[in-house]
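Next comes the sequence, and after it the predicted model I'd like to discuss.
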Amino acid sequence: MSEEAKPSKVEILKVGSHQLRGTILTDLIGEVEKFTEDDANLLKHHGTYQQDNRDVRRDKNPDGTPKGKSYYFMVRTRIPGGKVTAAQFLAELDLCDKYGNETLRITSRQGFQLHGVLKQNLRDAIRGINETKLTTLAACGDVERNVMACPAPHKNDKAHQQIQDLADAIAEHLKPRTTAYWEIWLRDDNGEDHNVCEFKPVEEPIYGATYLPRKFKTAITLPDDNCIDVLSNDLGFIGDVQDGTIVGYNVTVGGGMGMTPSAKKTFPALAKPLAYITPDQAVMVAEAVVKVQRDFGNRSDRKVARLKYLIHDWGIEKFKAKVEEYYGQPLLPPKPIEITGVDDHIGWHEQGDGKLFLGINIENGRIKDEGPLRIKTALRKILGKFGMDTRLTALQSMILCDIDPKNKAEINEILREHGVKGADELTLLRRYAMACVAWPTCGLSITEAERALPEVVDELEGSLSKLGLLKEKLAIHMTGCPNGCARPYTPDIGLVGKAAGEQYTLYLGGNAEGTRLGFIYKDSLPKPEINPTIFPLFAFFKSARKNGESFGDFCAREGKEQLEAFAAKWTENNSTAEATPALATN
């Protein structure tokens, strides 16, 4: 940041916050149902967002006056690598019933979220999470957030264990040292007498006085299974596997999905290769990258404060030189390690130690009982009886680990009785689909996402079925705004909330492996027109694909103009999308 640039309001707030305390404690015990704006900003570092129910914003009192906003909180649990014991999982289900809206949500970063927590229950909810040995500290805010890693419990595969261990090590090393979290949320009731005037700072050796300019995300992957979308992260580690063991990592930097369409200076980006390192270097290289971002990231304009903008301004060579300076020695150039595949881990799999694991699809991550699908009750029954460890996936689904083969039939029966479909009953389109929360809880959302995507998938499945393409691996991600929480810029099909009235920007040309950004195909597409717009492109794909390429690969190869030309001719020859598609390409 230049010497002339003035720090943003949030930067000034962090400087004077007494290491993220602010007046949170005072607000917490006050009678008002919400926190001040300043404290709401600081609360993010503690793992919670102040929100309001947007479904009821226009409700009226009996006398006709507006009711005003109905405030509540989202509470996010930080879970490196998505590793959760049965007891922890069951406790989170209890907390969602006791303090939330009776649903538990798996996030796109392998964490949990409680929704609808009222202010008077906020401390009890956070305490309850900590009592299970999990935490909400640094699940949000301008710090390293949840460190992701492939969750598959392959017990006979050393490489999987190595990336899980590295996720734990980086998460522990980069967590904030402030004691504010403990003092505010975890002390007994006498802790309410804490006097911030007596504040005694602790050393923050990595974050300093003002933490990071913006959020920071890290992920670790294996080349043949990029199930955590490593290139969409600020910092990534891609394992170099030889004879079943990781002997080094390619380090990638500068990924990030968020953008503001009205601000041309913002953009989604995939991470760039930085260096090749040995496993014992990983934690300290991560620290060096974080410190460079801390000292040189933009602190005057939060729209361009992510690491990707620093790298865009500097170039990768200058950035690498600075990382080497902070690390204390030169780093080797990256190796030609390519990402080659992705797995959603849904269905039954051999674990490698005589046990099984089962991946269960959770649509958009929402664990709830609704209609014939009673997945929350099913999980309570299974986890309560068998007590197995679990893992959360980056596609908002989950894995049951360490299953004795003799229990497979009973677990299948419990799931069936509660309306939970198996892997063979779900299309790959649905398995690789995900959406952000959007309405009614997210204050940034322009359109629906979680509540809209199931219908969109239903319609697209119908189109794929008509064309005999239902078995294709095809990823679709939807967000209610351009911030990109569900990573909509990298899959085969991305839908990003554009304007009120359920208008979306349609992106095409990415892939399920997360190695390519899509391009804008339609900039303002009403939700009812999504399927009719994509149907002709599916027809084009069926007729003209090469070498078994995916839909995203096909769209990227053909390009926007060719896709538009075919769609226009197809539409001219077919009065409705229900007609038999004309598959000629000329």
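Done, it's in.

Compute the number of surrounding residues for R76.
By the criterion of other CB atoms under 10 Å, R76 has 25 neighbours. From N, CA and C alone the C-beta is placed, and that goes for glycine too.

The helix or strand harbouring it packs against which elements?
Secondary structure from DSSP states H and E places R76 in strand 71-77. With contacts taken as 3 or more CB pairs under 8 Å, 6 or more residues apart in numbering; DSSP states H and E, strand 71-77 sits against strand 48-52, strand 112-117, helix 119-131.

Give the buried residues for stretch 205-219.
Going by neighbour count (16 or more other CB atoms under 10 Å), the buried part of stretch 205-219 is I206, Y207, T210, Y211, L212, P213, R214, K215, F216, K217, T218, A219.

quick one: the strands in the stretch 351-500 of the chain?
Remark: strands assigned in the stretch 351-500 of the chain by DSSP state E, counting those that start in this stretch are 356-360, 366-367, 369-370, 373-374, 390-392, 398-403, 433-435, 476-479, 493-499.

Quick one: closest of the ones you listed to H418.
Among these, the nearest to H418 by CB to CB is strand 373-374 (4.3 Å).

what about that closest one, average pLDDT?
Here strand 373-374 scores 98 as its mean pLDDT.

Where does pLDDT dip in this structure?
Scanning the chain for pLDDT under 70 picks out 1-4, 188-198, 575-586.

Nearest the middle, which residue of it would you pick?
S108 (2.8 Å; CA atoms, centre = their mean).

Now do the same contact list for it.
G365, A394, L395, Q396, M434, C436, C485, A486, R487 (CB atoms under 8 Å, 6 or more residues apart in numbering).

tell me which element it falls in.
Residue-wise, S108 maps onto no helix or strand under DSSP H and E.

From R306, how far out is it?
As defined by CB to CB, to the nearest Å, S108 lies at a distance of 17 Å from R306.

likewise V342?
For V342 relative to R306 (CB to CB), the value is 24 Å.

Repeat that for P201.
Per CB to CB, P201 is found 27 Å from R306.

what sits against D27?
Here D27 is in contact with F35, T36, D39 (criterion: CB under 8 Å, 6+ apart).

and those residues as a markdown table, adding neighbour count?
Formatted as a markdown table, the contacts of D27 follow (neighbours: other CB atoms under 10 Å):
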| residue | neighbour count |
| --- | --- |
| F35 | 24 |
| T36 | 16 |
| D39 | 20 |
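
Out of the residues you listed, flag the one nearest to N574.
F35 (55.2 Å).

Test my guess that that closest one contacts I24.
Yes - with contact defined as CB atoms under 8 Å, F35 reaches I24; the gap is 6.9 Å.

next one: stretch 340-349 to chain centre, how far?
Put simply, stretch 340-349 sits 18 Å off its chain's centre (CA atoms, centre = their mean, to the nearest Å).

joint contacts of F35 and I24?
L43.

Phi and psi next, for the residue nearest to the centre of the chain.
When read as degrees, to the nearest 10, the backbone of S108 gives phi -80, psi 0.

P261 now?
Torsion angles, degrees, to the nearest 10, at P261: phi -50, psi -30.

repeat for L426
Per degrees, to the nearest 10, the backbone of L426 is at phi -120, psi 140.

check contacts around it.
I346, N361.

redo that, cut-off 6 Å
For L426, the contacting residues are N361, by CB atoms under 6 Å, 6 or more residues apart in numbering.

In contact with the residue lying closest to T393 once chain neighbours are set aside: list those residues for me.
What sits nearest to T393 in space, not counting adjacent residues and going by CB to CB, 6 or more residues apart in numbering, is P151, at 5.5 Å. Taking CB under 6 Å, 6+ apart, we find P151 in contact with G82, R391, T393, I399.

Among P201 and R306, which residue is more densely surrounded?
In terms of neighbours (other CB under 10 Å), R306 is the more surrounded of P201 and R306; the figures are 27 against 11.

Any figure for the gap between the more buried one and M259?
Counting by CB to CB, the gap from R306 to M259 is 10 Å.

T245 now?
Relative to M259, and taking CB to CB, T245 is found at 38 Å.

Who has more neighbours out of these two?
Between T245 and M259, counted using other CB under 10 Å, M259 has the larger neighbour count: 20 against 14.

Kindly indicate whether the more buried one is helix, strand or coil.
coil (DSSP: H, G, I helix; E, B strand; the rest coil).

Tell me the secondary structure at the nearest residue to it once chain neighbours are set aside.
The spatial neighbour of M259 that comes closest, neighbours along the chain excluded (CB to CB, 6+ apart), is T266 at 4.4 Å. Look at T266: counting by three-state DSSP, its state is coil.

T266: neighbouring residues, count only.
T266: 19 neighbours (other CB under 10 Å).

for T85, same thing?
17.

tell me which element T252 falls in.
strand 245-253.

Let me see the domain layout of this structure.
145-176+211-342, 347-427, 430-573 (automatic domain parsing).

of all the ones you listed, which lies closest to P7?
Among these, domain 145-176+211-342 sits nearest to P7 (CB to CB), with 5.1 Å.

where do the helices sit along the stretch 351-500 of the chain?
Using DSSP state H, counting those that start in this stretch, the helices of the stretch 351-500 of the chain run over residues 375-386, 408-417, 428-431, 453-466.

Of those helices, which stretch is the most buried?
helix 428-431 (a mean of 20; mean count of other CB atoms under 10 Å).

Quick check: A486 touching M434?
Yes - contact criterion CB atoms under 6 Å: A486 and M434 qualify, at 5.1 Å.

what touches both of the two?
H477.

can you pull out the helices in the stretch 51-200 of the chain?
86-99, 119-131, 158-173, 180-181.

would you list those in JSON lines and tack on mean neighbour count and distance to A286?
JSON lines is the format used below for the helices of the stretch 51-200 of the chain (neighbours: other CB atoms under 10 Å; distance: least, CB to CB, whole Å):
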{"stretch": "helix 86-99", "mean neighbour count": "20", "distance to A286": "26"}
{"stretch": "helix 119-131", "mean neighbour count": "19", "distance to A286": "25"}
{"stretch": "helix 158-173", "mean neighbour count": "19", "distance to A286": "5"}
{"stretch": "helix 180-181", "mean neighbour count": "24", "distance to A286": "22"}
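
Would you mind measuring from E513 to T36?
44 Å.

what number of residues lie near the closest residue to A263 other than its chain neighbours?
For A263, ignoring the flanking residues on the chain, the nearest one in space by CB to CB, 6+ apart is K303 at 5.5 Å. Neighbours of K303 under the rule other CB under 10 Å: 16.

cool, G111 as well?
G111, neighbours per other CB under 10 Å, totals 25.

got a list of what P488 touches?
Taking CB under 6 Å, 6+ apart, one finds H477, T479, G494, V496 in contact with P488.

Apply 10 Å and report the result again.
Shown in contact with P488 (CB atoms under 10 Å, 6 or more residues apart in numbering): 257, 268, 434-436, 449, 476-479, 481-482, 494-497, 504-507, 510, 518.

close enough to count as contact, the residue nearest to M259 and N298?
No - using CB atoms under 10 Å, T266 is not in contact with N298, being 11.5 Å away.
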